[in-house]
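In: what follows is a predicted structure for the sequence shown.
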Amino acid sequence: MSQQTAEQTDFTVERLLLDLVAWIAEEPRPYADVLDAWRTSCPRLPVWEEAVDRGYVRRVAGREGGAVVHVTGSGSDFLRRHGRPVRQRDAARHDPSAQKKTA
């Protein structure tokens with residue numbers, strides 16, 4: 001892969017990460033819905049995997065047996081750095097590190 005192609009891929013992944021984290025920040029999403037919408041087999045666009053690896057989102061056990069995905073404090077910071085809106089209340093409620101920041 002050329003340097004230019006690698007840079008374009010990195011830029012694309014960053015933009016898609018912003019979209020994914022912003023979508024989850026609107027409201028916590030069922031894990032199955034997140035995977036249906038964002039999981040890919042393309043090794044050049046690992047958006048869901050990258051969001052998890054960077055700690056921007058967290059899977060939490062749901063009340064009715066299904067897991068729910070929430071934005072973490074790191075994910076909220078990522079959105080803020082890029083001028084995206086954040087619902088701080090949701091991040092703080094589901095991320096212990098965010099609770100420490102707001103306490």
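Out: Looks like it arrived, so ask away. Residues are numbered from 1 along each chain as shown.
In: any idea how far apart the tips of stretch 17-34 sit?
Out: Between the start and the finish of stretch 17-34 there is a gap of 13 Å, counting by CA to CA, to the nearest Å.
In: roughly how far is it from the heart of the chain?
Out: Between the centre of stretch 17-34 and the centre of its host chain there is 6 Å, according to CA atoms, centre = their mean, to the nearest Å.
In: what residue ranges in this structure score low on pLDDT?
Out: For the chain, the stretches flagged by pLDDT under 70 are 1-9, 41-45, 88-103.
In: where exactly do the helices run in it?
Out: With DSSP state H as the definition, the chain shows helices at residue ranges 3-26, 31-38, 47-53, 73-81, 88-94, 96-102.
In: could you say what helices and strands the fourth one packs with?
Out: When you say that, I think you mean helix 73-81. Using 3 or more CB pairs under 8 Å, 6 or more residues apart in numbering; DSSP states H and E as the contact criterion, the secondary-structure elements in contact with helix 73-81 are helix 3-26, helix 88-94, helix 96-102. Quick note: C-beta positions are derived from backbone N, CA and C, even for glycine.
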